[in-house]
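> give me a model of this one.
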Amino acid sequence: MTDDPVMKSQKSILIADASRSNRVMLRKWLERSGYHCQTVETGQQALDALREFPAQVLLLDMKFPDIEGWHVIRMVKRQPLGHRPLIIAVTACAMPGDEARFLNWGCDAYLAKPVDLHRLTQVIDELVVSGDLRSLIA
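I've put the predicted structure just below:
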């Protein structure tokens, strides 16, 4: 994990969450931590934004008013390797089996709400480093 703000500033994150307060909180935290962020409030907006915003990481709520998170995951995973972001489910779905279900759907990590913000940055850093290594091998 790097604490170098120059390294973190190169990490781009798309925050897709139906809750405005969650989007604002996550964006403020991550930008203060040196990340470049964009936010959207629906699943379709997430898919549209990914076409124009080359995010390395997608923080994805699972409940949207238009399409469900699993549909967003499925569409993102259809993108060619190297063009798709790492997906972190950030959700209030925290029943037994939910984490395994989201990981089976294709998420790279799972965090239940309310999110521990320090843990979130740790998970992002770990995933981006491992994702960078995967792209070098592929």
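
> all strands of this structure, in order?
12-16, 36-40, 57-60, 86-91, 109-112 (DSSP state E).

> most packed of those strands?
Most buried of the strands of the chain, by mean neighbour count (mean count of other CB atoms under 10 Å): strand 57-60, with a mean of 27. The way it works is simple: take the backbone N, C-alpha and C, and place the C-beta from them, glycine included.

> quick one: list the elements packing against it.
Under the contact definition 3 or more CB pairs under 8 Å, 6 or more residues apart in numbering; DSSP states H and E, strand 57-60 sits against strand 12-16, helix 43-52, helix 69-77, strand 86-91, helix 117-137.

> rerun that using 6 Å as the cut-off
Applying 3 or more CB pairs under 6 Å, 6 or more residues apart in numbering; DSSP states H and E, one finds that strand 57-60 contacts strand 12-16, strand 86-91.

> show me the one of the ones you listed that comes nearest Glu126.
Proximity to Glu126 (CB to CB) singles out strand 86-91 among the helices and strands packed on strand 57-60, at 10.0 Å.

> roughly how far does Tyr110 sit from Asp125?
In this view, Tyr110 and Asp125 are 16 Å apart by CB to CB, to the nearest Å.

> ok, Pro85 next?
The value you get for Pro85 to Asp125, if CB to CB is used, is 15 Å.

> who has more neighbours, those two?
Pro85 (24 against 18; other CB atoms under 10 Å).
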